[in-house]
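1. Let's see this in three dimensions:
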Amino acid sequence: MSDSSPLPPVRLHPEAELARDALAAPLLSRAARLARWAGPDTRVGAGGELVEEQLPAAAEVLGLTGEDAAAYAGEAWRVAVDSGLVEIVDEEEGTVAAGADLALLTSGSPHDVLGVWLGALDTVLADASVPDLEDLVGALDEGGEIDFSSLDWDPEAEAEFLDGVLGNLYLLTVSEEGPGEGPVPLPALAASMIVPDDMGEPTNDVLEQVSDAMMRLDDQFRILEPIGLVDFRPVDEALMADADEEPAAPLDETDVSRYGMVRLTPLGLYGVRARLLEAGMSAPAVGELADKGADALLDGTSAFPPAAAQAETEQWLTRREPLAAARELLAAARGSDAGAPLRRLRCQQALSLVGPEAEPALREVLDDAELGGLARVWLVERGAADVPPPPESMVFWLTIDTVAAQLAAEGNSEELRGLVEGLAAQHSGFFDTAWRVDHPATPEVLEAMGRLHPDKKMAKEARKAAFKARSQQGG
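-> Presented below is the predicted three-dimensional model:
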(Lines give C-alpha, C1' and ligand atoms only; values in the text may rest on other atoms or scores of the structure.)
Protein backbone atom coordinates (compact mmCIF):
# COMPACT_ATOMS: atom_id res chain seq x y z
CA MET A 1 0.00 0.00 0.00
CA SER A 2 1.47 3.33 -1.06
CA ASP A 3 2.06 5.98 1.60
CA SER A 4 0.29 8.47 -0.66
CA SER A 5 -2.80 6.36 -1.27
CA PRO A 6 -5.94 8.01 0.12
CA LEU A 7 -7.63 5.55 2.46
CA PRO A 8 -11.41 5.16 2.64
CA PRO A 9 -12.90 6.03 6.04
CA VAL A 10 -13.26 3.23 8.56
CA ARG A 11 -16.33 2.64 10.71
CA LEU A 12 -14.97 2.04 14.18
CA HIS A 13 -16.89 0.48 17.03
CA PRO A 14 -17.40 2.68 20.13
CA GLU A 15 -14.31 2.97 22.34
CA ALA A 16 -16.12 1.39 25.30
CA GLU A 17 -16.83 -1.71 23.22
CA LEU A 18 -13.28 -1.81 21.88
CA ALA A 19 -11.87 -1.47 25.40
CA ARG A 20 -13.92 -4.50 26.49
CA ASP A 21 -12.52 -6.42 23.53
CA ALA A 22 -8.99 -5.37 24.53
CA LEU A 23 -9.45 -6.56 28.11
CA ALA A 24 -10.83 -9.86 26.80
CA ALA A 25 -7.88 -10.45 24.46
CA PRO A 26 -6.19 -13.61 25.83
CA LEU A 27 -2.65 -12.25 25.79
CA LEU A 28 -3.42 -8.91 27.48
CA SER A 29 -5.62 -10.72 30.02
CA ARG A 30 -2.75 -13.07 30.86
CA ALA A 31 -0.31 -10.18 31.10
CA ALA A 32 -2.59 -8.37 33.54
CA ARG A 33 -3.01 -11.50 35.69
CA LEU A 34 0.75 -11.94 35.93
CA ALA A 35 1.21 -8.27 36.81
CA ARG A 36 -1.19 -8.72 39.73
CA TRP A 37 0.51 -11.96 40.74
CA ALA A 38 4.01 -10.49 40.81
CA GLY A 39 5.32 -9.61 44.25
CA PRO A 40 8.45 -9.08 46.34
CA ASP A 41 9.72 -12.59 45.61
CA THR A 42 9.36 -12.28 41.84
CA ARG A 43 12.68 -12.14 40.06
CA VAL A 44 13.64 -11.22 36.51
CA GLY A 45 16.77 -11.52 34.40
CA ALA A 46 18.83 -8.79 32.79
CA GLY A 47 16.31 -8.35 29.95
CA GLY A 48 13.29 -8.17 32.24
CA GLU A 49 12.26 -11.78 31.56
CA LEU A 50 11.05 -14.02 34.38
CA VAL A 51 13.81 -16.22 35.73
CA GLU A 52 13.41 -19.79 34.51
CA GLU A 53 12.57 -21.27 37.90
CA GLN A 54 9.54 -18.97 38.26
CA LEU A 55 7.99 -19.80 34.87
CA PRO A 56 6.17 -22.92 36.16
CA ALA A 57 4.49 -20.86 38.91
CA ALA A 58 3.51 -18.18 36.37
CA ALA A 59 2.06 -20.84 34.06
CA GLU A 60 0.08 -22.27 36.97
CA VAL A 61 -1.38 -18.84 37.77
CA LEU A 62 -2.56 -18.64 34.16
CA GLY A 63 -3.96 -22.15 34.19
CA LEU A 64 -1.59 -23.24 31.45
CA THR A 65 -0.45 -26.82 31.05
CA GLY A 66 1.54 -28.81 28.53
CA GLU A 67 4.97 -28.43 27.03
CA ASP A 68 4.30 -24.88 25.78
CA ALA A 69 2.96 -23.58 29.11
CA ALA A 70 6.24 -21.95 30.18
CA ALA A 71 6.71 -20.32 26.78
CA TYR A 72 3.19 -18.85 26.85
CA ALA A 73 3.75 -17.59 30.40
CA GLY A 74 7.03 -15.98 29.35
CA GLU A 75 5.31 -14.29 26.41
CA ALA A 76 2.58 -12.88 28.69
CA TRP A 77 5.20 -11.64 31.15
CA ARG A 78 7.14 -9.89 28.38
CA VAL A 79 3.94 -8.11 27.28
CA ALA A 80 3.26 -7.09 30.90
CA VAL A 81 6.71 -5.51 31.20
CA ASP A 82 6.76 -3.85 27.77
CA SER A 83 3.25 -2.37 28.11
CA GLY A 84 3.85 -0.85 31.57
CA LEU A 85 1.81 -3.31 33.63
CA VAL A 86 4.99 -4.31 35.46
CA GLU A 87 8.03 -2.18 36.13
CA ILE A 88 11.56 -3.20 37.04
CA VAL A 89 12.42 -1.78 40.48
CA ASP A 90 16.05 -2.87 40.74
CA GLU A 91 17.83 -4.25 37.68
CA GLU A 92 20.71 -5.69 39.69
CA GLU A 93 18.45 -7.44 42.19
CA GLY A 94 15.88 -8.31 39.54
CA THR A 95 12.95 -7.06 41.60
CA VAL A 96 9.67 -5.81 40.19
CA ALA A 97 6.48 -3.99 41.17
CA ALA A 98 3.11 -3.27 39.64
CA GLY A 99 3.44 -0.72 36.85
CA ALA A 100 1.56 2.56 36.70
CA ASP A 101 -0.54 1.35 33.78
CA LEU A 102 -1.94 -1.69 35.59
CA ALA A 103 -4.51 0.46 37.41
CA LEU A 104 -5.69 1.87 34.07
CA LEU A 105 -7.14 -1.51 33.14
CA THR A 106 -9.66 -1.28 35.98
CA SER A 107 -10.05 2.42 36.72
CA GLY A 108 -8.99 4.14 33.51
CA SER A 109 -11.18 5.37 30.67
CA PRO A 110 -11.78 3.22 27.58
CA HIS A 111 -9.20 5.36 25.80
CA ASP A 112 -6.67 4.58 28.57
CA VAL A 113 -7.33 0.85 28.23
CA LEU A 114 -6.85 1.05 24.47
CA GLY A 115 -3.57 2.89 25.01
CA VAL A 116 -2.29 -0.01 27.12
CA TRP A 117 -3.47 -2.47 24.48
CA LEU A 118 -1.64 -0.54 21.73
CA GLY A 119 1.56 -0.85 23.78
CA ALA A 120 1.01 -4.60 24.03
CA LEU A 121 0.33 -4.74 20.30
CA ASP A 122 3.71 -3.13 19.57
CA THR A 123 5.42 -5.89 21.55
CA VAL A 124 3.55 -8.67 19.77
CA LEU A 125 4.19 -7.18 16.33
CA ALA A 126 7.91 -7.04 17.14
CA ASP A 127 7.78 -10.69 18.22
CA ALA A 128 5.98 -11.66 15.01
CA SER A 129 8.83 -10.20 12.96
CA VAL A 130 11.48 -12.37 14.66
CA PRO A 131 12.54 -15.71 13.09
CA ASP A 132 10.94 -18.76 14.66
CA LEU A 133 12.72 -20.80 17.35
CA GLU A 134 13.89 -23.53 14.97
CA ASP A 135 15.66 -20.97 12.79
CA LEU A 136 17.25 -19.34 15.84
CA VAL A 137 18.50 -22.67 17.18
CA GLY A 138 19.92 -23.50 13.75
CA ALA A 139 21.84 -20.22 13.76
CA LEU A 140 23.71 -20.90 17.04
CA ASP A 141 27.46 -20.81 16.58
CA GLU A 142 29.99 -22.88 18.50
CA GLY A 143 30.00 -20.39 21.35
CA GLY A 144 26.24 -20.56 21.81
CA GLU A 145 25.68 -17.11 20.29
CA ILE A 146 23.16 -16.51 17.47
CA ASP A 147 24.80 -15.80 14.14
CA PHE A 148 22.21 -13.39 12.74
CA SER A 149 24.04 -13.09 9.43
CA SER A 150 23.28 -16.76 8.69
CA LEU A 151 19.53 -16.19 9.09
CA ASP A 152 19.12 -13.95 6.05
CA TRP A 153 17.02 -11.80 8.39
CA ASP A 154 16.62 -8.05 8.08
CA PRO A 155 14.63 -6.80 11.12
CA GLU A 156 13.63 -3.54 9.43
CA ALA A 157 12.52 -5.30 6.23
CA GLU A 158 10.53 -7.88 8.22
CA ALA A 159 8.74 -5.15 10.18
CA GLU A 160 7.99 -3.25 6.97
CA PHE A 161 6.64 -6.41 5.34
CA LEU A 162 4.26 -7.10 8.24
CA ASP A 163 3.15 -3.46 8.36
CA GLY A 164 2.50 -3.63 4.61
CA VAL A 165 0.43 -6.79 4.99
CA LEU A 166 -1.65 -5.25 7.76
CA GLY A 167 -2.05 -2.08 5.70
CA ASN A 168 -3.34 -4.09 2.73
CA LEU A 169 -5.69 -6.06 4.99
CA TYR A 170 -6.96 -2.76 6.42
CA LEU A 171 -7.52 -1.36 2.94
CA LEU A 172 -9.42 -4.48 1.85
CA THR A 173 -11.59 -4.22 4.97
CA VAL A 174 -12.53 -0.55 4.64
CA SER A 175 -12.95 -0.49 0.84
CA GLU A 176 -16.57 -0.69 -0.25
CA GLU A 177 -15.67 -3.11 -3.04
CA GLY A 178 -13.67 -5.33 -0.64
CA PRO A 179 -14.87 -8.19 1.58
CA GLY A 180 -15.77 -5.82 4.42
CA GLU A 181 -15.65 -7.68 7.71
CA GLY A 182 -15.40 -11.03 5.91
CA PRO A 183 -12.15 -13.04 5.90
CA VAL A 184 -9.46 -12.72 3.25
CA PRO A 185 -7.71 -15.81 1.84
CA LEU A 186 -4.08 -15.91 2.92
CA PRO A 187 -2.79 -16.54 -0.64
CA ALA A 188 -4.54 -13.37 -1.86
CA LEU A 189 -3.02 -11.34 0.96
CA ALA A 190 0.44 -12.74 0.29
CA ALA A 191 0.04 -12.07 -3.45
CA SER A 192 -0.88 -8.45 -2.72
CA MET A 193 2.63 -7.99 -1.33
CA ILE A 194 4.53 -9.98 -3.96
CA VAL A 195 2.83 -9.87 -7.36
CA PRO A 196 3.33 -6.59 -9.28
CA ASP A 197 0.11 -4.81 -10.24
CA ASP A 198 1.01 -4.86 -13.93
CA MET A 199 1.88 -8.57 -14.03
CA GLY A 200 -0.49 -10.75 -16.03
CA GLU A 201 0.28 -14.40 -15.41
CA PRO A 202 2.64 -14.81 -12.41
CA THR A 203 5.87 -16.65 -13.14
CA ASN A 204 6.85 -19.80 -11.25
CA ASP A 205 9.42 -17.78 -9.32
CA VAL A 206 6.77 -15.27 -8.23
CA LEU A 207 4.37 -18.06 -7.26
CA GLU A 208 7.10 -19.60 -5.13
CA GLN A 209 7.64 -16.25 -3.41
CA VAL A 210 3.88 -16.01 -2.75
CA SER A 211 3.91 -19.50 -1.25
CA ASP A 212 6.85 -18.62 1.01
CA ALA A 213 5.15 -15.37 2.08
CA MET A 214 1.93 -17.25 2.79
CA MET A 215 3.70 -19.68 5.14
CA ARG A 216 5.48 -16.78 6.85
CA LEU A 217 2.12 -15.04 7.37
CA ASP A 218 0.66 -18.26 8.73
CA ASP A 219 3.27 -18.17 11.51
CA GLN A 220 2.83 -14.45 12.11
CA PHE A 221 -0.96 -14.45 12.33
CA ARG A 222 -0.82 -17.32 14.84
CA ILE A 223 1.24 -14.96 17.02
CA LEU A 224 -1.04 -11.96 16.42
CA GLU A 225 -4.38 -13.64 17.09
CA PRO A 226 -4.06 -13.86 20.92
CA ILE A 227 -3.71 -10.06 21.22
CA GLY A 228 -7.09 -9.67 19.51
CA LEU A 229 -5.80 -8.12 16.28
CA VAL A 230 -7.15 -10.77 13.92
CA ASP A 231 -9.44 -13.74 13.62
CA PHE A 232 -7.36 -16.39 11.91
CA ARG A 233 -7.91 -19.81 10.39
CA PRO A 234 -4.43 -21.32 9.91
CA VAL A 235 -3.20 -23.18 6.87
CA ASP A 236 -4.43 -26.78 6.87
CA GLU A 237 -1.66 -28.96 8.28
CA ALA A 238 -2.44 -31.58 5.63
CA LEU A 239 -1.14 -29.19 2.98
CA MET A 240 2.25 -29.16 4.66
CA ALA A 241 2.51 -32.94 4.94
CA ASP A 242 5.24 -34.75 3.02
CA ALA A 243 4.25 -35.82 -0.48
CA ASP A 244 4.85 -39.49 0.49
CA GLU A 245 2.39 -39.30 3.39
CA GLU A 246 -1.23 -40.30 2.90
CA PRO A 247 -3.63 -37.51 4.07
CA ALA A 248 -5.85 -38.44 7.01
CA ALA A 249 -8.92 -37.38 5.02
CA PRO A 250 -9.58 -36.61 1.35
CA LEU A 251 -8.56 -33.04 0.44
CA ASP A 252 -11.06 -30.71 -1.20
CA GLU A 253 -9.01 -28.93 -3.86
CA THR A 254 -11.67 -26.21 -4.27
CA ASP A 255 -11.77 -25.19 -0.59
CA VAL A 256 -9.69 -22.01 -0.50
CA SER A 257 -10.09 -21.75 3.28
CA ARG A 258 -7.63 -24.66 3.65
CA TYR A 259 -4.90 -22.22 2.66
CA GLY A 260 -5.68 -19.93 5.59
CA MET A 261 -8.22 -17.14 6.15
CA VAL A 262 -7.74 -13.94 8.11
CA ARG A 263 -9.73 -10.84 9.00
CA LEU A 264 -9.08 -7.83 11.17
CA THR A 265 -11.29 -7.73 14.24
CA PRO A 266 -13.01 -4.45 15.14
CA LEU A 267 -10.21 -4.01 17.68
CA GLY A 268 -7.69 -4.83 14.97
CA LEU A 269 -9.10 -2.13 12.71
CA TYR A 270 -8.64 0.34 15.55
CA GLY A 271 -5.07 -0.84 16.13
CA VAL A 272 -3.94 -0.78 12.51
CA ARG A 273 -5.52 2.64 12.00
CA ALA A 274 -3.64 3.95 15.05
CA ARG A 275 -0.38 2.71 13.55
CA LEU A 276 -1.20 4.25 10.16
CA LEU A 277 -1.86 7.61 11.82
CA GLU A 278 1.37 7.31 13.79
CA ALA A 279 3.19 6.71 10.49
CA GLY A 280 1.80 10.00 9.15
CA MET A 281 -0.86 8.55 6.87
CA SER A 282 -4.38 9.91 6.48
CA ALA A 283 -6.79 7.29 7.79
CA PRO A 284 -10.17 8.96 8.37
CA ALA A 285 -12.88 7.44 10.54
CA VAL A 286 -16.62 7.90 10.08
CA GLY A 287 -17.87 10.34 12.71
CA GLU A 288 -14.77 12.53 12.88
CA LEU A 289 -16.57 15.37 11.08
CA ALA A 290 -19.73 15.28 13.20
CA ASP A 291 -18.62 18.19 15.40
CA LYS A 292 -17.16 20.27 12.58
CA GLY A 293 -18.82 22.83 10.33
CA ALA A 294 -20.67 22.10 7.10
CA ASP A 295 -17.67 23.29 5.07
CA ALA A 296 -15.50 20.60 6.68
CA LEU A 297 -18.23 18.01 6.12
CA LEU A 298 -18.66 18.78 2.41
CA ASP A 299 -14.93 19.01 1.74
CA GLY A 300 -14.09 16.02 3.93
CA THR A 301 -16.62 13.67 2.34
CA SER A 302 -15.76 14.72 -1.21
CA ALA A 303 -13.38 11.76 -1.58
CA PHE A 304 -15.48 9.31 0.46
CA PRO A 305 -17.22 6.36 -1.20
CA PRO A 306 -21.03 6.84 -1.31
CA ALA A 307 -21.95 4.65 1.67
CA ALA A 308 -19.28 6.18 3.90
CA ALA A 309 -20.26 9.71 2.84
CA GLN A 310 -23.88 9.01 3.76
CA ALA A 311 -22.91 7.50 7.12
CA GLU A 312 -20.73 10.51 7.95
CA THR A 313 -23.47 12.92 6.90
CA GLU A 314 -26.12 11.12 8.94
CA GLN A 315 -23.97 11.45 12.07
CA TRP A 316 -23.44 15.14 11.32
CA LEU A 317 -27.18 15.73 10.88
CA THR A 318 -28.20 13.96 14.10
CA ARG A 319 -26.43 16.70 16.09
CA ARG A 320 -28.31 19.57 14.45
CA GLU A 321 -31.81 20.86 13.93
CA PRO A 322 -32.95 20.23 10.33
CA LEU A 323 -33.57 23.87 9.40
CA ALA A 324 -30.28 25.12 10.84
CA ALA A 325 -28.41 22.21 9.25
CA ALA A 326 -29.90 22.98 5.82
CA ARG A 327 -28.93 26.65 6.03
CA GLU A 328 -25.38 25.75 7.07
CA LEU A 329 -25.03 23.22 4.26
CA LEU A 330 -26.29 25.65 1.63
CA ALA A 331 -23.95 28.39 2.81
CA ALA A 332 -20.98 26.01 2.65
CA ALA A 333 -21.93 24.86 -0.87
CA ARG A 334 -21.36 28.27 -2.42
CA GLY A 335 -18.19 29.05 -4.32
CA SER A 336 -16.50 29.19 -7.71
CA ASP A 337 -13.34 27.26 -6.83
CA ALA A 338 -12.49 23.92 -8.44
CA GLY A 339 -13.96 21.93 -5.54
CA ALA A 340 -17.28 23.81 -5.45
CA PRO A 341 -19.28 21.57 -7.84
CA LEU A 342 -18.51 18.48 -5.81
CA ARG A 343 -19.35 20.36 -2.59
CA ARG A 344 -22.76 21.22 -4.07
CA LEU A 345 -23.30 17.59 -5.07
CA ARG A 346 -22.48 16.46 -1.52
CA CYS A 347 -24.76 19.24 -0.24
CA GLN A 348 -27.60 17.97 -2.42
CA GLN A 349 -27.01 14.43 -1.15
CA ALA A 350 -26.96 15.65 2.45
CA LEU A 351 -30.17 17.64 1.99
CA SER A 352 -31.87 14.48 0.68
CA LEU A 353 -31.55 13.14 4.24
CA VAL A 354 -33.22 16.19 5.82
CA GLY A 355 -36.96 16.28 6.54
CA PRO A 356 -39.61 18.83 5.47
CA GLU A 357 -38.64 21.12 8.35
CA ALA A 358 -35.79 22.35 6.13
CA GLU A 359 -38.10 23.75 3.44
CA PRO A 360 -37.75 27.45 4.46
CA ALA A 361 -33.97 27.23 3.98
CA LEU A 362 -34.41 25.93 0.43
CA ARG A 363 -36.94 28.63 -0.46
CA GLU A 364 -34.53 31.29 0.76
CA VAL A 365 -32.06 30.42 -2.02
CA LEU A 366 -34.46 30.00 -4.97
CA ASP A 367 -33.06 33.13 -6.63
CA ASP A 368 -29.43 32.22 -5.92
CA ALA A 369 -27.58 31.51 -9.18
CA GLU A 370 -25.52 28.70 -7.62
CA LEU A 371 -28.11 27.14 -5.32
CA GLY A 372 -31.46 27.90 -6.91
CA GLY A 373 -31.38 24.87 -9.18
CA LEU A 374 -30.68 22.29 -6.49
CA ALA A 375 -33.22 24.01 -4.21
CA ARG A 376 -35.93 23.55 -6.84
CA VAL A 377 -34.99 19.89 -7.26
CA TRP A 378 -35.34 19.34 -3.50
CA LEU A 379 -38.70 21.11 -3.29
CA VAL A 380 -40.18 19.34 -6.33
CA GLU A 381 -39.07 15.93 -5.11
CA ARG A 382 -40.99 16.55 -1.88
CA GLY A 383 -44.12 17.72 -3.64
CA ALA A 384 -43.86 21.29 -2.37
CA ALA A 385 -46.34 23.80 -3.73
CA ASP A 386 -45.62 27.04 -5.58
CA VAL A 387 -42.15 26.12 -6.83
CA PRO A 388 -41.28 28.64 -9.56
CA PRO A 389 -39.95 27.14 -12.79
CA PRO A 390 -36.23 27.78 -13.29
CA PRO A 391 -35.04 30.11 -16.05
CA GLU A 392 -33.17 28.39 -18.86
CA SER A 393 -29.89 29.93 -17.75
CA MET A 394 -30.26 28.25 -14.34
CA VAL A 395 -31.06 24.87 -15.93
CA PHE A 396 -27.92 24.99 -18.04
CA TRP A 397 -25.79 26.26 -15.16
CA LEU A 398 -27.01 23.37 -12.95
CA THR A 399 -26.30 20.93 -15.77
CA ILE A 400 -22.69 22.11 -16.13
CA ASP A 401 -22.26 22.09 -12.35
CA THR A 402 -23.62 18.54 -12.04
CA VAL A 403 -21.37 17.14 -14.77
CA ALA A 404 -18.36 18.93 -13.22
CA ALA A 405 -19.17 17.34 -9.88
CA GLN A 406 -19.49 13.89 -11.44
CA LEU A 407 -16.15 14.35 -13.20
CA ALA A 408 -14.51 15.23 -9.89
CA ALA A 409 -16.15 12.33 -8.06
CA GLU A 410 -15.87 9.52 -10.58
CA GLY A 411 -13.85 10.63 -13.60
CA ASN A 412 -14.90 9.24 -17.00
CA SER A 413 -17.30 6.63 -15.60
CA GLU A 414 -20.00 4.71 -17.46
CA GLU A 415 -22.61 6.54 -15.39
CA LEU A 416 -21.25 9.87 -16.57
CA ARG A 417 -21.14 8.63 -20.16
CA GLY A 418 -24.85 7.84 -19.92
CA LEU A 419 -25.57 11.26 -18.42
CA VAL A 420 -23.71 12.99 -21.28
CA GLU A 421 -25.66 11.06 -23.92
CA GLY A 422 -28.94 11.86 -22.21
CA LEU A 423 -28.23 15.57 -21.92
CA ALA A 424 -27.33 15.95 -25.57
CA ALA A 425 -30.40 13.96 -26.64
CA GLN A 426 -32.89 15.85 -24.45
CA HIS A 427 -31.86 19.35 -25.50
CA SER A 428 -31.73 20.15 -29.22
CA GLY A 429 -28.95 22.60 -29.80
CA PHE A 430 -27.53 21.85 -26.35
CA PHE A 431 -23.96 22.77 -27.25
CA ASP A 432 -25.00 26.03 -28.97
CA THR A 433 -26.24 27.24 -25.58
CA ALA A 434 -23.93 25.38 -23.20
CA TRP A 435 -20.73 27.15 -24.23
CA ARG A 436 -22.22 30.48 -23.11
CA VAL A 437 -22.89 29.26 -19.53
CA ASP A 438 -21.08 31.49 -17.03
CA HIS A 439 -19.54 28.68 -14.99
CA PRO A 440 -15.79 28.22 -14.36
CA ALA A 441 -15.99 24.53 -15.35
CA THR A 442 -17.84 25.01 -18.65
CA PRO A 443 -14.80 24.41 -20.93
CA GLU A 444 -13.69 21.36 -18.94
CA VAL A 445 -17.21 19.88 -18.95
CA LEU A 446 -17.67 20.36 -22.69
CA GLU A 447 -14.26 18.83 -23.39
CA ALA A 448 -15.26 15.83 -21.27
CA MET A 449 -18.53 15.53 -23.18
CA GLY A 450 -16.51 15.50 -26.40
CA ARG A 451 -14.42 12.61 -25.07
CA LEU A 452 -17.34 10.62 -23.70
CA HIS A 453 -20.10 10.99 -26.30
CA PRO A 454 -20.14 7.92 -28.59
CA ASP A 455 -21.61 9.80 -31.57
CA LYS A 456 -18.74 11.33 -33.55
CA LYS A 457 -20.82 14.25 -34.80
CA MET A 458 -22.05 15.15 -31.30
CA ALA A 459 -18.53 14.71 -29.89
CA LYS A 460 -17.20 17.15 -32.49
CA GLU A 461 -19.91 19.69 -31.58
CA ALA A 462 -18.94 19.35 -27.93
CA ARG A 463 -15.26 20.01 -28.68
CA LYS A 464 -16.13 23.06 -30.78
CA ALA A 465 -18.32 24.35 -27.97
CA ALA A 466 -15.48 23.77 -25.48
CA PHE A 467 -13.15 25.85 -27.68
CA LYS A 468 -15.70 28.70 -27.76
CA ALA A 469 -16.18 28.51 -24.00
CA ARG A 470 -12.48 28.66 -23.34
CA SER A 471 -12.07 31.60 -25.70
CA GLN A 472 -14.98 33.38 -23.97
CA GLN A 473 -13.30 32.90 -20.60
CA GLY A 474 -10.02 34.20 -21.98
CA GLY A 475 -8.31 30.79 -21.83
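2. and the gap between the nearest residue to Pro40 once chain neighbours are set aside and Asp219?
-> Distances taken as C-beta to C-beta, 6 or more residues apart in numbering put Thr95 closest to Pro40, at 7.1 Å, once the chain neighbours are dropped. (Glycine included, C-beta is placed from N, CA and C.) Applying C-beta to C-beta, to the nearest Å, the value for Thr95 to Asp219 is 35 Å.
3. Show me what counts as buried in stretch 174-182.
-> Using 16 or more other C-beta atoms under 10 Å as the burial criterion, the residues of stretch 174-182 that qualify are Val174.
4. no wait, stretch 432-440
-> Thr433, Ala434, Trp435, Val437, His439, Pro440.
5. One more: stretch 426-433?
-> Across stretch 426-433, burial judged by 16+ other C-beta under 10 Å covers His427, Phe430, Phe431, Thr433.
6. Farthest pair within the residues you listed?
-> Spanning the widest gap among the buried residues of stretch 426-433 are His427 and Phe431, at 8.9 Å by C-beta to C-beta.
7. Doesn't Ala97 belong to a helix?
-> No - counting by DSSP: H, G, I helix; E, B strand; the rest coil, Ala97 falls outside a helix, being strand.
8. Which residue, neighbours along the chain excluded, lies closest to it?
-> That would be Val89: by C-beta to C-beta, 6+ apart, it lies 5.1 Å from Ala97.
9. The one you found: what's it in contact with?
-> By C-beta atoms under 8 Å, 6 or more residues apart in numbering, Val89 lies in contact with Thr95, Val96, Ala97.
10. just Glu87 next, same as before
-> Taking C-beta under 8 Å, 6+ apart, one finds Val81, Val96, Ala97, Ala98, Gly99, Ala100 in contact with Glu87.
11. Just the closest of these to Arg233, please.
-> Val81 (31.0 Å).
12. Which residue, other than its chain neighbours, is closest to the closest one?
-> Gly48 (4.6 Å).
13. and that neighbour, that's in a helix?
-> No - if the criterion is three-state DSSP, then Gly48 is coil and not within a helix.
14. On the C-terminal side of the worst-scoring helix or strand of the chain on mean pLDDT, identify the next helix or strand.
-> Lowest on mean pLDDT, DSSP states H and E among the helices and strands of the chain sits helix 133-138, with a mean of 49. Going down the chain from helix 133-138, the next helix or strand is helix 155-174, by DSSP states H and E.
15. who touches the helix or strand following that following helix?
-> Per DSSP H and E, helix 155-174 leads on to strand 184-185 as the next helix or strand towards the C-terminus. For strand 184-185, the external contacting residues (C-beta under 8 Å, 6+ apart) are Leu169, Leu172, Val256, Ser257, Tyr259, Gly260, Met261, Val262, Arg263.
16. From those residues, which shows the smallest pLDDT?
-> Among those, Val256 carries the weakest pLDDT, at 73.
17. Could you report the pLDDT at Ser4?
-> 52.
18. Ok, Glu245 next?
-> With respect to pLDDT, Glu245 has a value of 53.
19. and if you look at the one 4 residues further on?
-> Looking at Ala249, its pLDDT is 51.
20. what's the nearest residue to Glu415 if we skip its chain neighbours?
-> The shortest distance from Glu415 to any non-neighbouring residue, by C-beta to C-beta, 6+ apart, is to Gln406 (7.3 Å).
21. With Leu267 instead?
-> Closest to Leu267 by C-beta to C-beta, 6+ apart is Asp21, at 4.3 Å.
22. in the helix or strand where that neighbour lies, what's buried?
-> Assigned by DSSP H and E, Asp21 falls within helix 15-24. The neighbour-count check on helix 15-24 (16+ other C-beta under 10 Å) flags Glu15, Leu18, Ala19, Asp21, Ala22, Leu23 as buried.
23. Please apply the same query to stretch 449-459.
-> For stretch 449-459, burial by neighbour count (16+ other C-beta under 10 Å) applies to Met449, Gly450, Leu452, His453, Met458, Ala459.
24. Local confidence estimate at the third one?
-> The reference is to Leu452. 85.
25. Please apply the same query to Asp242.
-> 50.
26. any chance you could map the helices in the stretch 301-450 of the chain?
-> 306-318, 322-333, 340-351, 359-363, 372-381, 392-410, 414-426, 430-434, 442-452 (DSSP state H, counting those that start in this stretch).
27. For my notes, confirm Glu87 occurs in a strand.
-> Yes - membership of Glu87 in a strand is supported by three-state DSSP.
28. Okay, and the beta partners of it?
-> Ala97 (DSSP bridges).
29. could you measure it against Asp197, distance?
-> 47 Å.
30. Looks like Asp236 contacts Asp218 (just checking).
-> No - Asp236 is not in contact with Asp218 according to C-beta atoms under 8 Å; the separation is 10.1 Å.
31. so what's in contact with those two at the same time?
-> Common neighbours of Asp236 and Asp218 (C-beta under 8 Å, 6+ apart) do not exist.
32. Return the distance of stretch 78-89 from the chain's centre.
-> Distance, stretch centre to chain centre, for stretch 78-89: 31 Å (C-alpha atoms, centre = their mean, to the nearest Å).
33. hang on, I meant stretch 186-205
-> Here stretch 186-205 is found 22 Å from its chain centre; the criterion is C-alpha atoms, centre = their mean.
34. And that stretch, end to end?
-> For stretch 186-205, the first and last residues are 18 Å from each other (C-alpha to C-alpha, to the nearest Å).
35. contacting residues around it?
-> Under C-beta under 8 Å, 6+ apart, the answer for stretch 186-205 is 161, 164-165, 168-169, 172, 206, 209-211, 213-214, 217-218, 221, 235, 256, 259-262.
36. can you rerun that using 6 Å?
-> Gly164, Val165, Asn168, Val206, Gln209, Val210, Ala213, Met214, Leu217, Tyr259, Gly260 (C-beta atoms under 6 Å, 6 or more residues apart in numbering).
37. Give the PyMOL command for selecting the buried subset of those.
-> To isolate the buried members of the contacts of stretch 186-205 in PyMOL, using 16+ other C-beta under 10 Å:
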select buried, resi 165+168+209+210+213+214+217+259+260
